[in-house]
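Asker: just coords:
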């Protein structure tokens, strides 16, 4: 006697609702949440209080540096004239009369007077830079006193806390103070140089301003951009 078997029901296959792995990865990239910290726009309009003082100080820094560069160019012209006069005397002195190299030519007098005027103007510029830095420190202290109840340092314009304005001002002042001392030394000694190499050293030092490096331009640009002046 044959036994009849009841055929098994075949389950219908379900369509997979899972997305391909590469598509999931693509969607993950497309829809990943992005956190963006908004940046303040430069403050415009009539500023008051510390913000007004800081912005005025930044403008003054720009103006004083422009005046310095103008005086540096004027001084460079004088240095070149002095060097030419001295080199003429050095190469014009004969072996029979080596003492003539110490003679101060008549045209050196007016040049030395002009040179001293340039150095005096540069001293005044650095003195005003120092005043800006002192004022910036006072603003920094005042801001700190006003916000001492808060743990967060407030920004005056875009991203900088007040201490950044003071440190930038101090760094610029240090550069120009050191450069001024070098230029004073050149002014005091260039007229007494007795050989060509020393004369060329003084000329090159005045031109290249070794204590005012490329960072000074970055500092000034950052100061102007932060305060919305540029």
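Answerer: Here it is on my side, so go on. This one's a predicted model, so the numbers in the text were calculated from it and none came from an experiment.
Asker: show me what contacts residue 187?
Answerer: By CB atoms under 8 Å, 6 or more residues apart in numbering, residue 187 lies in contact with 115-116, 118-119. (C-beta placed from N, C-alpha, C; glycine too.)
Asker: actually, residue 223.
Answerer: Listed by CB under 8 Å, 6+ apart, the contact partners of residue 223 are 58, 61, 165, 168.
Asker: tell me the pLDDT of the second one.
Answerer: It stands for residue 61. At residue 61, the pLDDT value in this model is 98.
Asker: that one against residue 132, yeah?
Answerer: Yes: the criterion here is CB atoms under 8 Å, and residue 61 meets it with residue 132 at 6.2 Å.
Asker: these two - which one has more neighbours?
Answerer: A direct count of neighbours by other CB atoms under 10 Å for residue 61 and residue 132 places residue 61 higher, at 24 against 18.
Asker: check which helix or strand the more buried one maps to.
Answerer: Using DSSP states H and E, residue 61 maps to helix 49-92.
Asker: residue 68 touches residue 125, doesn't it?
Answerer: Yes: between residue 68 and residue 125 a contact is recorded at 5.2 Å, counting by CB under 8 Å.
Asker: list the residues that contact both of the two?
Answerer: Contact criterion CB under 8 Å, 6+ apart; residues shared by residue 68 and residue 125: residue 176.
Asker: give me the below-cutoff pLDDT ranges for this structure.
Answerer: 1-46, 48, 91-103, 149-153 (pLDDT under 70).
Asker: so what's residue 209 up against?
Answerer: Counting by CB under 8 Å, 6+ apart, residue 209 touches 72, 179.
Asker: oops, could you answer that again for residue 61 instead?
Answerer: Counting by CB under 8 Å, 6+ apart, residue 61 makes contact with 129, 132, 169, 172, 220, 223.
Asker: make it 7 Å
Answerer: Listed by CB atoms under 7 Å, 6 or more residues apart in numbering, the contact set of residue 61 reads 132, 172, 220, 223.
Asker: for residue 71, see how far away residue 125 is.
Answerer: Taking CB to CB, to the nearest Å as the measure, residue 125 falls 7 Å from residue 71.
Asker: re the thing from before, just give me the closest of the contacts of residue 61 to residue 54.
Answerer: Nearest to residue 54 among the contacts of residue 61: residue 223, at 9.2 Å, using CB to CB.
Asker: residue 74 and residue 121 touch, don't they?
Answerer: No: between residue 74 and residue 121 there is no contact under CB atoms under 7 Å: 8.5 Å.
Asker: tell me which strands and helices whichever helix or strand comes after the helix holding residue 61 is in contact with?
Answerer: Using DSSP H and E, the next helix or strand after helix 49-92 towards the C-terminus is helix 108-146. Other elements packing on helix 108-146 under the criterion 3 or more CB pairs under 7 Å, 6 or more residues apart in numbering; DSSP states H and E are helix 49-92, helix 162-189.
Asker: angle of the helix holding residue 61 against helix 162-189?
Answerer: Between helix 49-92 and helix 162-189, the angle comes out at 20 degrees (axes from the mean of the first three to the mean of the last three CA atoms, to 10 degrees).
Asker: ok, so of the contacts of residue 223, who is nearest residue 185?
Answerer: Distance ranking of those against residue 185, using CB to CB, places residue 61 first at 25.2 Å.
Asker: what about that closest one, distance to residue 172?
Answerer: 7 Å.
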